[in-house]
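Peer 1: Provide a 3D model corresponding to the input given below.
(one chain, ligands or ions: 1)
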Amino acid sequence: MHHRSLVAPFLPSLQRPTLACLSWLMVAALCLAWPRPAQARSTPTEKSEPKVEKAERTEKSDKQSSDKSATPVRDAGKEEGAAENLGVLRQRLAERLATRPDPAPAPSAKAEARSEAKAESRAGKRAEPKGHGGELHWAYEGEGGPEHWGELKPEYRLCASGKRQSPIDIRDGIRVDLEKIQFDYQPSGFAVLDNGHTIQVNIAPGNSLQVMGRRYELLQFHFHRPSEERINGRQFDMVAHLVHKDADGRLAVVAVLLERGRDQPLVQTVWNNLPLEKGEPLPAPGQMDLNQLLPEDRGYYTYMGSLTTPPCSEGVLWMVMRQPVQLSANQLNIFGRLYPMNARPVQPGSGRLIKESQ
Ligand SMILES: [Zn+2]
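Peer 2: Residues are numbered from 1 along each chain as shown. Predicted coordinates for the structure are as follows:
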């Protein structure tokens, strides 16, 4: 009716049936011509968006849970640090090793994924900090850079206001008989993830360390270039952060400084298994033994700090191995092609106690 009344004034001589036919044709033509949002969005550039969004959501939920429980564990939307038992942790780790993406990360997730995590924009858009909603995402330079992390989201406020932030320039430590870190690492399955901020290796359950009466399970390790921590002002070529968590949700990170030298077999294993796409852990064939990454000399520095990525949650026990481990120039360059600079600047020591092995 409505359509006919629109058409009728222009076609006064037409008979009723013809008019009705024409009206329907116009409706059909309108329907065909009308832009359909779902399809309009599926341009090649944006096809990767859902994946990216997923990676970010995962990161967000990790972050928030980190905020609550000081944990950088991934898939943390479901996780509430303190109440978590080892069984749940193991199950989650097993899930994490699977290619299956996280089904429904709560608006809450850590680690490190970024807005420009579009697989096809690996090189070109690295510095672009804006997500599809115009929302700023954290990065290592530009508008989303470390000096702005605290302003990006309320849950990142500690990045700006925290008094026990990491990394720090480690100096003037007190030399004492530090208890040995008891590493209990064994050959384990793993998956490699490019989360948009670093290369992260998720490790199957069964690796842990014991220190100060607590047992911490190894969850993942990842890399920074150059090293985030400094020793007496010296920065190293890279660092590996081995992230552990105990049954109460407390975090302990072991930092292994990496410097140019010989080939590092474990690093090579990780590079050999780099995923082609961001945001999806790629389960690797075979196993890796984290003992291969530890330096011979187990002396270390220790202090209380934070996550070095948003939300910068504090209460993290840091153990920085004093002896650096070598990796080759080629291995260094491979990471440099993916992440030329992903180190947070050093934060004020603010009178924190640093202890060091004799
Ligand atoms: Zn790190």
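Peer 1: switch to C-alpha atoms for all contacts and neighbour counts from now on
Peer 2: Will do.
Peer 1: Okay, helices next: where are they in the stretch 151-300 of the chain?
Peer 2: 158-161, 265-272 (DSSP state H, counting those that start in this stretch).
Peer 1: For the shortest one, enumerate the helices and strands it packs against.
Peer 2: In other words, helix 158-161. Under the contact criterion of 3 or more Cα pairs under 8 Å, 6 or more residues apart in numbering; DSSP states H and E, helix 158-161 touches helix 149-152.
Peer 1: Which other helices and strands does the helix it packs on contact?
Peer 2: Looks like helix 149-152 contacts helix 158-161 (3+ Cα pairs under 8 Å, 6+ apart).
Peer 1: Could you list the buried residues of the helix it packs on?
Peer 2: For helix 158-161, the neighbour count (16 or more other Cα atoms under 10 Å) marks 158, 159, 160 as buried.
Peer 1: Turn the residues you listed into JSON lines, including pLDDT and distance to residue 175.
Peer 2: Shown next, in JSON lines, are those (pLDDT from 0 to 100; distance: Cα to Cα, whole Å):
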{"residue": "158", "pLDDT": "98", "distance to residue 175": "30"}
{"residue": "159", "pLDDT": "98", "distance to residue 175": "29"}
{"residue": "160", "pLDDT": "98", "distance to residue 175": "30"}
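Peer 1: out of these, who's nearest residue 240?
Peer 2: Proximity of these to residue 240 (Cα to Cα) peaks at residue 159, which lies at 21.1 Å.
Peer 1: wait, that closest one sits on residue 165?
Peer 2: Yes. Contact criterion Cα atoms under 8 Å: residue 159 and residue 165 qualify, at 7.3 Å.
Peer 1: Find the residues that touch each one of the two.
Peer 2: Common contact partners of residue 159 and residue 165 (Cα atoms under 8 Å, 6 or more residues apart in numbering): residue 312.
Peer 1: mind giving me a markdown table with the helices of the stretch 151-300 of the chain and columns for distance to residue 238?
Peer 2: As requested, the helices of the stretch 151-300 of the chain are exported to a markdown table (distance: least, Cα to Cα, whole Å):
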| stretch | distance to residue 238 |
| --- | --- |
| helix 158-161 | 22 |
| helix 265-272 | 11 |
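Peer 1: can you pull the pLDDT of residue 62?
Peer 2: In this model, residue 62 is scored at 39, pLDDT.
Peer 1: Start and end of stretch 267-285, how far apart?
Peer 2: This stretch, stretch 267-285, spans 15 Å end to end (Cα to Cα, to the nearest Å).
Peer 1: And that stretch, what's buried?
Peer 2: 267-268, 270, 273-275, 277-284.
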